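**Q** sequence plus predicted model, see below.
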Amino acid sequence: MYLWTILTAVAVAGGVCFSRRQFLALPCRGRGFWLELAGALAAGALIGWFGWLRVDGNPLSCLRLLLAAGAVAGAARCDVKTRTIPNLYPALVLAGFVLCTALDILWQRAQWTAFLGGALGGAVVFGFLRLCSRLSHGGIGGGDIKLIAALTCLIGLYGGFSVLLFAQLSAVAFVLVLLALRRITMKSSIAFAPFFYLGLLITVFLGSF
């Protein structure tokens, strides 16, 4: 359990550092970087710890959570700075889905329909959010839609909707606080990917995946 907690923490910190260097051209030094790194390690350790407990140490389930946490953390770092999510992160999550499903079929003798079920769940979420985006005239970013759809493939339909629900609730609470403090207005926009990470953390903590 301790080893997996450390591995997940390193994966999340690695995702953040990769975003800083590859997409944001930010140096990996200075006080701000070390504070950010410490926060990423702590956030990754929480998912690693709770994830291990919730899946009773199942290595493939833990691997799914590790890959999800690392990719979402990297996407969140980019979203905070640029308000965009590079396509690399949804692609990495989908690659993780294919890898974990293949290992699940080979190792645990799971049915091939597990792949179809995961892909169908991601497609349902993608289609639903695309419809919501059109109805709201672009109120939901394309990067956000692709990321949560890929995440749903990886951790399942129930888990994907759980992440989305808790991400929305936490984002609403955050916006209400900023509005009360007059730090933003009703026309302001915020990065949503960090709330995906928070939603993932809450989902893992509650075991709702």
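**A** Good, I have the coordinates. Please read these numbers as outputs of a predicted model, since none were measured by experiment.
**Q** how close does the residue nearest to the spatial centre of the chain sit to residue 202?
**A** Geometric centre of the chain, nearest residue: residue 72, 3.3 Å, by Cα atoms, centre = their mean. Using Cβ to Cβ, to the nearest Å, residue 72 is found at 13 Å from residue 202. (Glycine included, C-beta is placed from N, CA and C.)
**Q** give me the secondary structure label for the residue located most distally from the centre of the chain.
**A** No residue in the chain sits farther from the centre than residue 182, which is 28.7 Å out by Cα atoms, centre = their mean. Of the three states, residue 182 takes coil according to DSSP: H, G, I helix; E, B strand; the rest coil.
**Q** what sits against it?
**A** By Cβ atoms under 8 Å, 6 or more residues apart in numbering, no residues touch residue 182.
**Q** contacts for the lowest-mean-pLDDT helix or strand in the chain, please.
**A** Every helix and strand in the chain was compared by mean pLDDT, DSSP states H and E; the lowest is helix 113-135, with a mean of 81. Helix 113-135 is contacted from outside by 94, 97-98, 101, 104-105, 139-142, 144-146, 148-150, 152-154, 156-157, 160-161, 164, using Cβ under 8 Å, 6+ apart.
**Q** and residue 13, what helix or strand is that in?
**A** helix 2-22 (DSSP states H and E).
**Q** may I have that helix as PDB, with CA atoms only?
**A** Provided in PDB are the C-alpha atoms of helix 2-22 (Å, rounded to 0.1, in the frame of the first residue of the first chain):
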ATOM      1  CA  TYR A   2       2.700   2.400   0.900                       C
ATOM      2  CA  LEU A   3       4.600   1.700  -2.300                       C
ATOM      3  CA  TRP A   4       1.500   2.300  -4.400                       C
ATOM      4  CA  THR A   5       0.800   5.500  -2.600                       C
ATOM      5  CA  ILE A   6       4.300   6.700  -3.400                       C
ATOM      6  CA  LEU A   7       4.000   5.700  -7.100                       C
ATOM      7  CA  THR A   8       0.700   7.500  -7.500                       C
ATOM      8  CA  ALA A   9       2.100  10.600  -5.800                       C
ATOM      9  CA  VAL A  10       5.100  10.500  -8.200                       C
ATOM     10  CA  ALA A  11       2.700  10.000 -11.200                       C
ATOM     11  CA  VAL A  12       0.700  13.100 -10.300                       C
ATOM     12  CA  ALA A  13       3.800  15.200  -9.600                       C
ATOM     13  CA  GLY A  14       5.300  14.000 -12.900                       C
ATOM     14  CA  GLY A  15       2.100  15.000 -14.800                       C
ATOM     15  CA  VAL A  16       2.300  18.500 -13.300                       C
ATOM     16  CA  CYS A  17       6.100  18.800 -14.100                       C
ATOM     17  CA  PHE A  18       5.500  17.500 -17.700                       C
ATOM     18  CA  SER A  19       2.900  20.200 -18.300                       C
ATOM     19  CA  ARG A  20       5.100  22.900 -16.900                       C
ATOM     20  CA  ARG A  21       8.000  22.000 -19.300                       C
ATOM     21  CA  GLN A  22       6.200  20.700 -22.300                       C
END
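**Q** which elements pack onto it?
**A** helix 31-54, helix 59-82 (3 or more Cβ pairs under 8 Å, 6 or more residues apart in numbering; DSSP states H and E).
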